[in-house]
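[1] Need the 3D shape of this:
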Amino acid sequence: MSRLRSLLLFLSLATACGGDPSAFVSEAPLGEREDAVSIPSRGFASTLDVGCWNLEYFGSTSHGPSDETLQLQNARDVILGADLDVWGVEEIVSAAQFNSLVSQLPGYAGLLGSDSSVVGGSTYYTPGEQKVGLLYKPAVASVLGARVILTADATYFGGRPPLEVRMRVGLNGHTEDIVVIVMHAKALSDVDSWQRRVDGSQVLKAYLDSTWPTAKVLVIGDFNDDVDVSISSSRASPYENFVLDTADYSFPTKALSDANLTSTVGYKAVIDHHLATNELRALHVAGSAEVYRVDAYIPSYDTTTTDHYPVLTRYTWGNEGAALTVISPNGGESWAGGGARTITWTATQVPTVKLEYSLDDGGAWALIGTASGASGSYTWTVPDIAASLARVRVSDAANGSLADSSDGAFTITSTNTPGNVVLHEILANEIGSDAGTEFVELLNTGGSLVDLSGWTLWDATGLRHTFASGTVLGAGRALVVFGKTVSIPAGVSNAVGATTGGLSLNNGGDTVTLQKTGGTVVDAYTYAASLAGQDGVSMNRNPDGSATGSFVLHTSLSTLSASPGTRANGSAF
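    Residues are numbered from 1 along each chain as shown. Okay, here's the model as predicted:
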């Protein structure tokens, strides 16, 4: 059946039944979707996912996009593809077109400000003017009641009083009520329009303060102004009263303004926002605010669809006490690459976890897989890549801000990667007057252990240390040679004293050389006086743990002056 025939059939059925076709649950199949666009999902099963979207003159044949069928199709594809739980929509002109949109959104219901079920709606919204509306998933939320508010102050909102919908949300076995208010503020940047937004913000805040002082309230929509500074030149944001009341309100979308993003094709500002009361703010998923640039998927977006981009946020629901803790690996382990090891964790109120690993101490993360949070374990085939700074992270698959990673780095060894011993840290200017505190740290950055038996350590003038038979340096491990055994600091176990009784490193510059048995040079470094000019301050590879990085003063990497036997930050290798 064609989309046109489906629309005509739907409208005729709605009229024949005598019902209000603007509030219903869509049960119609999509059928054929010619030229449909594919929009990546932004919805998650265990969070409340919310969006607002101004659909420019939706359904108007004289304003906005000229192809009403294409505009509807694109709106449908974005909403279905994004897969959010609740949408606030603005600038809906045609109720029939809105009803047609809902009829093509399986699993969604719709409510328009002019519906007869909305208290006061039909009084303040006439058929041909812009209206606000709500789309939602009945499987997640139900409507307890709806009304238009602040009708006496409608002029402050450009004649479009906000739509208030009380909803009951059920997720993760938890049911709780919230209030969603969809608003469309007065547009334009002239002084009169700015003042009307100021007045509208004042009456809205007074209403929320008195009507919903302890409720979870979310105000979403086209605010027609930004919340950092106004689009009206040299003027404060008209919503400054909310921004300054940090105890009771916050804009989760302010992060978008702070990042200098835009939510429209024209204005270089974010004018579509989400405002949350403090009761709901605690549930906001950090980092979830997004201007969803669906124009990347829709050709000629501004002329076919709308001049605004959807703006999204997410909220945890029923898992306020959720927690995650990585048990293993948690730092200090040595796991063989290519083998199977078990990652373990504890999870509270987290249905599904995402597992990732990093080989550079958390600089970059790669996906391992997902698992049931309650299972607490996952068998991982460790990558056969030598690394001394590996970590594992476990996070809520639906809420990335809830996560835990290994407290310390662990080592991955590789049978395919040979050992590689390098000079890693050198202290040439001893601590105080104790020359025995001079040290040279060796690090095996390779994937296999190295037998150091008979290897030697030299400075520019002679032999300083010979490694004893049976000395083995494991992959990712460090070994420190101090000038004297008695000068090895307490707690440094991976260290030996120089067999000659001293290293004799010159503060004015010297060369340190590591040789294999027979004289083959393994690594050598000639340092300048600038790296040995401060008592007790060593020189260290940068980045820390690198086999090839240049040497820099240790104090440029850490607050520590030196870190014999540990990483620059003092954590274990």
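[2] Low-confidence ranges, this protein, go.
    The chain contains residues with pLDDT under 70 at 1-35, 320.
[3] Just give the closest residue to Trp496, not the sequence neighbours.
    Trp isn't right for residue 496; it's Val. Among residues not flanking Val496 along the chain, Val481 sits closest, at 5.9 Å (CB to CB, 6 or more residues apart in numbering). C-beta coordinates here come from the backbone N, C-alpha and C atoms, glycine included.
[4] Measure how buried the one you found is and give me the count.
    23 (other CB atoms under 10 Å).
[5] Tell me who's in contact with it.
    Contacts were defined as CB atoms under 8 Å, 6 or more residues apart in numbering; by that measure Val481 touches 439-442, 457, 464-465, 495-498, 503.
[6] Make TSV from those residues and add secondary structure, neighbour count and distance to Thr417 to it.
    Listed next are these as TSV, based on DSSP: H, G, I helix; E, B strand; the rest coil; neighbours: other CB atoms under 10 Å; distance: CB to CB, whole Å:
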residue	secondary structure	neighbour count	distance to Thr417
Phe439	strand	28	27
Val440	strand	27	24
Glu441	strand	26	21
Leu442	strand	24	17
Leu457	strand	23	24
Arg464	strand	23	29
His465	strand	23	27
Ala495	strand	18	26
Val496	strand	15	26
Gly497	strand	20	31
Ala498	coil	23	30
Leu503	coil	28	30
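[7] on that earlier part again, which strand or helix spans the residue nearest to Val496?
    Counting by DSSP states H and E, the element that carries Val481 is strand 478-482.
[8] Which neighbours in the sheet does that strand have, and how are they oriented?
    Strands adjacent to strand 478-482 in the sheet, as given by DSSP bridges, are strand 439-444 (antiparallel), strand 495-497 (parallel).
[9] Render the CA-only coordinates of that strand in PDB, please.
    C-alpha atoms of strand 478-482 as PDB (Å, rounded to 0.1, in the frame of the first residue of the first chain):
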ATOM      1  CA  ALA A 478      62.400  -2.800  35.400                       C
ATOM      2  CA  LEU A 479      65.700  -3.400  37.200                       C
ATOM      3  CA  VAL A 480      67.700  -0.600  38.900                       C
ATOM      4  CA  VAL A 481      71.500  -0.500  39.500                       C
ATOM      5  CA  PHE A 482      72.500   1.800  42.300                       C
END
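[10] Give me the distance between it and the centre of its chain.
    With CA atoms, centre = their mean, to the nearest Å as the basis, strand 478-482 stands 40 Å off its chain's centre.
[11] Then stretch 389-398?
    Its chain's C-alpha centre and that of stretch 389-398 lie 13 Å apart, by CA atoms, centre = their mean.
[12] Report the separation between the residue nearest to Val496 and Gln534.
    As judged by CB to CB, to the nearest Å, Val481 and Gln534 stand 21 Å apart.
[13] what's the answer for Ser230, then?
    Relative to Gln534, and taking CB to CB, Ser230 is found at 52 Å.
[14] Also Ala152?
    As judged by CB to CB, Ala152 and Gln534 stand 73 Å apart.
[15] more neighbours, the two?
    Set Ala152 next to Gln534 and count neighbours by other CB under 10 Å: Gln534 wins out with 14 against 9.
[16] what sits against the closest residue to Arg567 other than its chain neighbours?
    Leaving aside its sequence neighbours, Arg567 sits nearest to Asp544 (CB to CB, 6+ apart; 5.6 Å). By CB under 8 Å, 6+ apart, the contact set of Asp544 is 557, 567-569.
[17] let's see it at 6 Å
    557, 567-568 (CB atoms under 6 Å, 6 or more residues apart in numbering).
[18] Hmm, Val537 is touching Ser563, no?
    No - Val537 is not in contact with Ser563 according to CB atoms under 6 Å; the separation is 11.2 Å.
[19] More neighbours: which of those two?
    Neighbour totals were compared for Val537 and Ser563, and Ser563 leads with 25 against 20 (other CB under 10 Å).
[20] So which bits of the helix ranked longest in the chain are buried?
    In the chain, assigned by DSSP state H, the helix with the most residues is helix 191-211. Neighbour-count burial for helix 191-211 flags 193-194, 196-202, 204-205, 207-208 (criterion: 16 or more other CB atoms under 10 Å).
[21] likewise stretch 155-167?
    Of the residues in stretch 155-167, 156-158, 160-167 count as buried by neighbour count, 16+ other CB under 10 Å.
[22] what do you get for stretch 313-330?
    Using 16+ other CB under 10 Å as the test for burial, stretch 313-330 gives 313-319, 322, 324, 326, 328-330.
[23] before we move on, what about stretch 361-378?
    Here stretch 361-378 shows 361, 365, 368, 371, 373, 376, 378 as buried, counting by 16+ other CB under 10 Å.
[24] repeat for stretch 441-451
    Under 16+ other CB under 10 Å, the buried positions of stretch 441-451 are 441-450.
[25] Which elements pack onto the helix or strand harbouring Asn540?
    Assigned by DSSP H and E, Asn540 belongs to strand 539-542. Helices and strands touching strand 539-542, by 3 or more CB pairs under 6 Å, 6 or more residues apart in numbering; DSSP states H and E, are strand 421-427.
[26] which neighbours does the strand it packs on have in its sheet, and in what orientation?
    As assigned by DSSP bridges, strand 421-427 forms pairs with strand 439-444 (antiparallel), strand 539-542 (antiparallel).
[27] To Asn99, which of those lies closest?
    strand 539-542 (63.9 Å; CB to CB).
[28] circling back to that earlier point, what are the pairing partners of the helix or strand immediately after the strand holding Asn540 in the chain, and which direction each?
    Sequence order places strand 550-553 as the next helix or strand after strand 539-542, per DSSP H and E. Here strand 550-553 is paired, per DSSP bridges, with strand 539-542 (antiparallel).
[29] What are the contacting residues of the strand it pairs with?
    Contact with strand 539-542 is made by 424-426, 531, 549, 551-552, 554, 557, 568, as judged by CB under 6 Å, 6+ apart.
[30] among those residues, which ones are buried?
    Buried, going by 16+ other CB under 10 Å: 424-426, 531, 551-552, 554, 557, 568, out of the contacts of strand 539-542.
[31] what's the nearest residue to Val285 if we skip its chain neighbours?
    Nearest residue to Val285, sequence neighbours excluded (CB to CB, 6+ apart): Arg314, at 4.2 Å.
[32] and that neighbour, what helix or strand is that in?
    strand 311-316.
[33] quick one on the thing from earlier: and which of the contacts of Asp544 is nearest Gln130?
    Using CB to CB, Leu557 is the member of the contacts of Asp544 that lies nearest Gln130, at 58.4 Å.
[34] thought the closest one was touching Gly570?
    No - using CB under 6 Å, Leu557 makes no contact with Gly570, being 11.0 Å away.
[35] which ones are touching the residue nearest to Val285?
    Residues near Arg314 by CB under 6 Å, 6+ apart: 47, 49, 285, 288.
[36] Which SSE is immediately downstream of the strand or helix carrying Ser395?
    Ser395 belongs to strand 387-396 when assigned by DSSP H and E. Scanning forward in sequence from strand 387-396 by DSSP H and E, the next helix or strand is strand 399-405.
[37] Let me know the angle separating that next one from strand 311-316.
    50 degrees (axes from the mean of the first three to the mean of the last three CA atoms, to 10 degrees).
[38] ok, residues contacting strand 399-405?
    Here strand 399-405 has contacts from 47, 285-286, 316, 322, 324-326, 391, 393-396, using CB under 6 Å, 6+ apart.
[39] Just send these back as TSV, with distance to Ser263 too.
    Output for the contacts of strand 399-405, formatted as TSV (distance: CB to CB, whole Å):
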residue	distance to Ser263
Thr47	21
Val285	19
Ala286	20
Thr316	24
Ala322	30
Leu324	33
Thr325	38
Val326	37
Arg391	36
Arg393	31
Val394	34
Ser395	28
Asp396	27
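[40] Using CSV, write out every CA atom in the following helix or strand past the longest helix of the chain.
    Sequence-wise, the next helix or strand downstream of helix 191-211 (DSSP H and E) is strand 217-222. C-alpha atoms of strand 217-222 as CSV (Å, rounded to 0.1, in the frame of the first residue of the first chain):
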residue,chain,number,x,y,z
VAL,A,217,10.9,18.1,35.7
LEU,A,218,12.5,18.4,32.3
VAL,A,219,11.8,21.4,30.0
ILE,A,220,12.8,20.7,26.4
GLY,A,221,12.3,22.6,23.2
ASP,A,222,13.3,25.6,21.1
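[41] Nothing else from me, thank you.
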